[in-house]
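S.K.: Can you look at this prediction? I've put the sequence above it.
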Amino acid sequence: MTDQDSRRELVEHWWSKAAACMESARRELDAGSLDFVANRLYYAAFYAATAAMLARGLSFRKHSGLRSAFHTHLVRPGLVSQTGGKLYDRLFEDRQEGDYIAFSLFDRDYLEEQLLCTQALLEELRLPQTSPGPD
């Protein structure tokens, strides 16, 4: 197996984890476990961003490193929308709140909207990404 084959296999592994997190978020929403929805949505975006970065030959050991690279390599050059960049940051903040702040409360309607937006972000990340051409 070549390095390129290994990388492609690893990229697909992270995409699989992202999809599993989206399914988990839907189940948690149905169960009313709203703080877990926030966690799963963040990790869906995190794994998808990991896959997108790895497809470019970049990997990171910390969430902060991936988050910074996501903005540097995908959002700033226009490969991912500004809306997608803001969503990623918000998902990170929501996950922090849900995981580490006692008695945090999330609004179900807000999380339903975040779920739809996260699905759209994953689809945006899944598209073949090339540099935007001149307008």
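M.R.: Received it, and whenever you're ready, just let me know what you need.

S.K.: For Gly57, see how far away Ala20 is.
M.R.: Counting by CB to CB, to the nearest Å, the gap from Ala20 to Gly57 is 24 Å. (Each C-beta comes from the backbone N, C-alpha and C, glycine too.)

S.K.: Show me which of those two is the more surrounded one.
M.R.: Ala20 (14 against 9; other CB atoms under 10 Å).

S.K.: what kind of secondary structure is that one in?
M.R.: helix (DSSP: H, G, I helix; E, B strand; the rest coil).

S.K.: Next up, the contacts around it.
M.R.: Ala20 makes no contacts at all, as judged by CB atoms under 8 Å, 6 or more residues apart in numbering.

S.K.: now it: how far from Glu124?
M.R.: 19 Å.

S.K.: With Ala49 instead?
M.R.: 11 Å.

S.K.: Compare these two and say which is more crowded by neighbours.
M.R.: Ala49 (26 against 18).

S.K.: hang on, isn't that one packed against Leu122?
M.R.: No. The criterion here is CB atoms under 8 Å, and Ala49 misses it with Leu122 at 9.5 Å.

S.K.: ok, the residue nearest the centre of the chain - contacts?
M.R.: Taking CA atoms, centre = their mean, the centroid of the chain lies closest to Ala45, which sits 0.9 Å from it. By CB under 8 Å, 6+ apart, the contact list for Ala45 reads Ala18, Leu87, Tyr88, Leu91, Thr118, Leu121, Leu122.

S.K.: and with 6 Å instead?
M.R.: Going by CB atoms under 6 Å, 6 or more residues apart in numbering, Ala45 touches Tyr88, Leu91, Thr118, Leu121.

S.K.: model confidence over the helix or strand containing it, on average?
M.R.: Element membership for Ala45 (DSSP states H and E) is helix 34-55. Average pLDDT, helix 34-55: 96.

S.K.: No further questions, thank you.
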